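Asker: Sharing a sequence plus its predicted fold:
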Amino acid sequence: MSQKKISRRKLLKTAGLVTATGLLSSCGDSGTPKNPAKATSGISKTFDWKLVTTWPKNFPGLGTGAQRLADRIKKMSEGRLNIKLFAAGELVPAFESFDAVRENKAQMFHASPYYWINKNKSTPFFGAVPGGMIAQEHNAWINYGGGQELWDKLYSKFGLKSFMAGNSGTQMGGWFLKKINSNDDFKGLKMRIPGLAAEVLNRMGGTAVALPGGEIMPALQSGAIDATEWVGPWNDLAFGFYKITKFYYGPGIHEPSSVLECSINLESFNSLPDDLKTIVKVACEAENNRMLSEFTAANSDAQQKLIKEHNVEVLNFPKSVFKTMIEISNDVVAETASEGKLNKQIYESWSNFKNLARLRSPFAEQGFINLSS
Ligand code: CA
């Protein structure tokens, strides 16, 4: 440390002024701003962004989580990054969110990565794939197992940058008009189920239908579909599926956890100064954790409400049916590796990470819950 700096600190300390670090960081020796990022990045510049979502307006957990993310970014940036949220259909239809952000009609979208399976077969790996990872494993893969780097590589092809920004936890298998007793009950079954799980259902003999959340209830009411998955007790209660059928199966094989993404137009993201980039990243990380807690708490309450107030039967799939679905899932998921070099890298990274984590599971949370309950 230079003699000049030592004497300056000493002076501040003895003068009993505001903390030395506060003063030194705001003003250099020359009296000009000392923080070069703040000095050159146009700190006073504000950004007005649009966030499109695939969720109905204010939908519990998913829609409200996206709104919380937008609100927190605005607050943390002291209004320098203002984000206006649009629910599904307000600016663009739900499933056009990806292209809207690619084309910079909006700068962000909040959605499930598996909605974009038609863009690339491997997008579901960053949200949920059948027979996949629970939230804790998935977060670890993205943050410490090379997942984020592969996600960046895949999405940069579309001019996007994604962060995890929410998780529903393990999802339910869904609502069925008739009870499921064997694999045969899937034959001819028309079910709303997205992502790679659609192919699993098709191989079980059913027909998968892709519908955004807001269109499920009318389809179930009209008989256009015989079954649907959506999320879990909290969200499914809100949609009122119990009014149509009382048979509610879980857990599903298709979303052992389901990560929501905040995806950003890459050029827009790169145009932000470093501190705003960090705010976006940290806000997404906070929402990823926050939403999972919210789902865990709310699902416990909602499940009891469905049983006690709406006479819903909450059931496990028969073991043999679950086993068949997992076996088919493993094939469907592995087949994505043949789509291309990056698809192969994604599949291998993901499966190696999962297999290693599962060697530990009997001695970690899974082992604890099994042995203590
Ligand atoms: Ca779902």
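Answerer: Everything's here; your move. What you see is a predicted model; the values in this text were computed from it and never measured. Residues are numbered from 1 along each chain as shown.
Asker: for this protein, what helix or strand is lowest in average pLDDT?
Answerer: Counting by mean pLDDT, DSSP states H and E, the chain has its least confident helix or strand at helix 20-26, which shows a mean of 37.
Asker: average pLDDT across stretch 73-90?
Answerer: For stretch 73-90, mean pLDDT is 98.
Asker: buried residues in that stretch?
Answerer: Neighbour-count burial for stretch 73-90 flags Ile73, Lys74, Met76, Ser77, Arg80, Leu81, Ile83, Leu85, Phe86, Ala87, Ala88 (criterion: 16 or more other Cβ atoms under 10 Å). C-betas here are computed from N, CA, C, even on glycine.
Asker: and what of stretch 86-105?
Answerer: Residues 86-88, 91-92, 94-98, 100-102 are the ones in stretch 86-105 that count as buried (16+ other Cβ under 10 Å).
Asker: what about stretch 235-243, distance to the chain center?
Answerer: Relative to its chain's centre, stretch 235-243 lies at 21 Å (Cα atoms, centre = their mean, to the nearest Å).
Asker: and that stretch, C-alpha only, in CSV?
Answerer: Below are the C-alpha coordinates for stretch 235-243, written out as CSV (Å, rounded to 0.1, in the frame of the first residue of the first chain):
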residue,chain,number,x,y,z
ASN,A,235,-51.5,-25.3,-9.1
ASP,A,236,-53.9,-28.1,-10.1
LEU,A,237,-56.3,-27.1,-7.3
ALA,A,238,-56.2,-23.5,-8.8
PHE,A,239,-57.3,-24.9,-12.2
GLY,A,240,-60.1,-26.9,-10.7
PHE,A,241,-59.3,-30.3,-12.3
TYR,A,242,-61.0,-32.0,-9.4
LYS,A,243,-64.3,-30.8,-10.8
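Asker: what sits up against that stretch?
Answerer: Residues outside stretch 235-243 that contact it (Cβ atoms under 8 Å, 6 or more residues apart in numbering): 59-62, 168, 172, 175, 213, 216-217, 220, 228, 230, 248, 302, 305-306, 310-312.
Asker: Specify which residues of the chain, grouped into ranges, have pLDDT under the cut-off.
Answerer: Residues of the chain meeting the criterion pLDDT under 70: 1-43.
Asker: So which residues of it form strands?
Answerer: 47-53, 81-86, 108-111, 160-167, 174-176, 190-192, 207-209, 227-228, 247-249, 259-265, 313-315 (DSSP state E).
Asker: which strands and helices sit next to the fourth one?
Answerer: Contact analysis of strand 160-167 by 3 or more Cβ pairs under 8 Å, 6 or more residues apart in numbering; DSSP states H and E lists helix 62-76, helix 97-102, helix 135-144, helix 147-156, strand 259-265, helix 266-270, helix 274-310 as its packing neighbours.
Asker: now swap in the third one and tell me
Answerer: Other helices and strands packing on strand 108-111, by 3+ Cβ pairs under 8 Å, 6+ apart, are strand 47-53, helix 62-76, helix 97-102, strand 259-265.
Asker: With distance to Leu196 as added columns, please give the ones you listed in a markdown table.
Answerer: Output for the helices and strands packed on strand 108-111, formatted as a markdown table (distance: least, Cβ to Cβ, whole Å):
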| stretch | distance to Leu196 |
| --- | --- |
| strand 47-53 | 22 |
| helix 62-76 | 20 |
| helix 97-102 | 17 |
| strand 259-265 | 14 |
